[in-house]
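>>> starting from these lines, generate the structure:
(one chain, ligands or ions: 3)
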Amino acid sequence: MELRKDPITRSWVITGDDPTGPRVESVCRFCPDAASAPQVIATMPNTGGVPWSARALVHPTPLYHIEGEPGRRGDGLYDRMHSVGAHEVLVENSRHDHHLWNASDAEIEWFFRMAAERIFDLKRDPRIKYVSLFKDYGGSAGQEFSHPTSQITATMFVPRRVLYELRAGREYFLTKERCVFCDIINQEERQALRVIESRGDYIALCPYAPRVPYEAWILPRNHDAAFEHTALVRQGQLADLAAILRRTLQRVRTFTEEFHLVLHTSPSSQHPSKTLGYWKTIDDDYHWHIELLPVLGSKARSYTFKEVYYSPVSSETAVKQLREAKIDG
Ligand SMILES: [Zn+2]
Ligand SMILES: [Zn+2]
Ligand SMILES: [Zn+2]
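Ligands and ions are numbered 1, 2, ... in the order given. Purely as a prediction, here's the structure:
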C-alpha cells in the first residue's frame, strides 16, 4: 500500500493491490477474554465490574505503519509516499453488545476520554499532521468488526474534506473575524428549523445542505477548535456529549441501522507546515464537531453522485422526523 496524490484535486489516496481480500472474523478479538488480541496501546480503568471500560489497540491489518520514513518522492508530475502513520482500533466498551446507542452515558464518556488521549498523544508525533476518528457501522458502511469499535488514523497529510473546512473557516474568519461554525450555531438556534436538540453545551442539528438524508452534526456550543482540548480540559461536559450522541444515534436508527460517524477536530498545530498558512488563526477559526452520515439503501441514488450530493429528504423534514423518533431516553 502507498499514498498517491491526485495532481488535480490534490487529495491523497491510499492504494495498492491488497493480497488478503475481505477478512472474515470467526471469534471476536476485542472481547476481554480474547485469546489473540492485537497489541494494546491504552486501557481505560475498570468500572462497574468490567475488566476495563475502553481500550486502544493496534489495528490487526493497519493501513498506516508507525515505523519508517515517509519517503516522499516524485514520479514525473505525480507525488507518492509510504503509508507512514498510525492505525488504531478503539474498543468502545468491554461488553460485546454495548454500543454507542445503548451503552450508559458513563461508558460512552470513558470512550470519549480515551479517544481524546489517543488524539492528543498522536498529535505530538512531529510527522503527524492530522488524526481522524471514525466509525463505520453496517455492511454497506464498511463495518470491519462485530465488537463495538471505532478507528483512528494518524496521517502525514490532512484529509481533503477537513482541508476544505479548514480553508473555508479561515477565509470566513479573515473577513468577519468570527468562527463560521459559531455563526451557524447562532443562526440555527435563532431559526429553530433544523435543531434536533440542545443538551448542556452541545447541539445536534441537521445541516442546511445535507449530503445524505438524516445527516446530523453534533457541535459544542462554546467555541473550541480541538475535541481533545474540550474532552481533557472540560471533562465535566462529556456526560452531555455522551447523552446527545447516544440519543441522536437512537433517532437515526429508527430510519436505518447503518451509518458513518466522523470526528472533525483541528490538525496538529505543534508542527505547523511552512507552506500551508491555515494554522495561524486555527484556534479561533475552526470548531470541532461530529458528523453522522446515515446509509439508506433505499435512497442509494444519493451515493452514486458523490460530486453533487443528492439528498431526497430535506433537513427541515428530517429534523421533524428525528425529533419525533421514539427513543429510550
Ligand atoms: Zn467482542
Ligand atoms: Zn466556533
Ligand atoms: Zn466537518
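
>>> quick one: neighbours of the closest residue to ligand 1 within the stretch 101-250 of the chain, just the number.
Relative to ligand 1, the nearest point of the stretch 101-250 of the chain is residue 147 (3.5 Å; C-beta to the ion). C-beta: built from backbone N, CA, C; applies to glycine. Neighbourhood size, residue 147 [other C-beta atoms under 10 Å]: 21.

>>> now do the end-to-end distance for stretch 207-225.
Stretch 207-225 has its terminal residues 19 Å apart, counting by C-alpha to C-alpha, to the nearest Å.

>>> what's the average pLDDT for it?
Mean pLDDT, computed over stretch 207-225, is 96.

>>> same check on stretch 119-139?
In this model, stretch 119-139 carries a mean pLDDT of 94.

>>> low-confidence regions, the chain specifically.
19-24, 271-278, 298-307 (pLDDT under 70).

>>> and the residue of the stretch 101-250 of the chain closest to ligand 1, that's in a strand?
No. Residue 147: not assigned to a strand; according to DSSP: H, G, I helix; E, B strand; the rest coil it is coil.

>>> now do stretch 207-227: distance from first to last residue.
End-to-end distance of stretch 207-227 (C-alpha to C-alpha): 20 Å.

>>> tell me the buried residues in it?
Within stretch 207-227, the residues that count as buried by 16 or more other C-beta atoms under 10 Å are 207, 210, 212-221, 223-227.

>>> need the contact list for the closest residue to residue 199 other than its chain neighbours.
Leaving aside its sequence neighbours, residue 199 sits nearest to residue 244 (C-beta to C-beta, 6 or more residues apart in numbering; 4.5 Å). Taking C-beta atoms under 8 Å, 6 or more residues apart in numbering, we find residue 244 in contact with 197, 199-200, 202-204, 218.

>>> and if we set it to 7 Å?
By C-beta atoms under 7 Å, 6 or more residues apart in numbering, residue 244 lies in contact with 197, 199, 202, 204, 218.

>>> now the fourth one. Nearest residue, chain neighbours left out?
In space, and not counting its chain neighbours, residue 204 is closest to residue 196: 4.1 Å by C-beta to C-beta, 6+ apart.

>>> what ranges do the helices span in the stretch 201-329 of the chain?
Listed in chain order, the helices of the stretch 201-329 of the chain (DSSP state H, counting those that start in this stretch) span 227-233, 238-252, 282-285, 301-304, 315-324.

>>> the longest one to helix 315-324, inter-axis angle?
Going by axes from the mean of the first three to the mean of the last three C-alpha atoms, to 10 degrees, helix 238-252 is angled at 110 degrees with respect to helix 315-324.

>>> helix 238-252: how far from the chain's middle?
How far helix 238-252 lies from its chain's middle: 15 Å, per C-alpha atoms, centre = their mean, to the nearest Å.

>>> kindly report the same for the third one.
Going by C-alpha atoms, centre = their mean, the spacing between the C-alpha centre of helix 282-285 and its chain's C-alpha centre is 19 Å.

>>> just checking, what packs against that helix?
Here helix 282-285 touches helix 160-176, going by 3 or more C-beta pairs under 7 Å, 6 or more residues apart in numbering; DSSP states H and E.

>>> then the helix it packs on to CSV, C-alphas only?
These are the backbone C-alpha positions of helix 160-176, laid out as CSV (Å, rounded to 0.1, in the frame of the first residue of the first chain):
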residue,chain,number,x,y,z
ARG,A,160,-9.4,16.6,1.8
ARG,A,161,-12.8,17.2,3.4
VAL,A,162,-11.1,18.6,6.5
LEU,A,163,-8.8,20.7,4.4
TYR,A,164,-11.9,22.2,2.7
GLU,A,165,-13.3,23.0,6.1
LEU,A,166,-10.0,24.5,7.4
ARG,A,167,-9.7,26.7,4.3
ALA,A,168,-13.3,27.8,4.4
GLY,A,169,-13.1,28.5,8.2
ARG,A,170,-10.0,30.6,7.7
GLU,A,171,-11.4,32.6,4.8
TYR,A,172,-14.6,33.3,6.8
PHE,A,173,-12.6,34.4,9.8
LEU,A,174,-10.4,36.7,7.7
THR,A,175,-13.3,38.8,6.5
LYS,A,176,-15.6,38.6,9.5
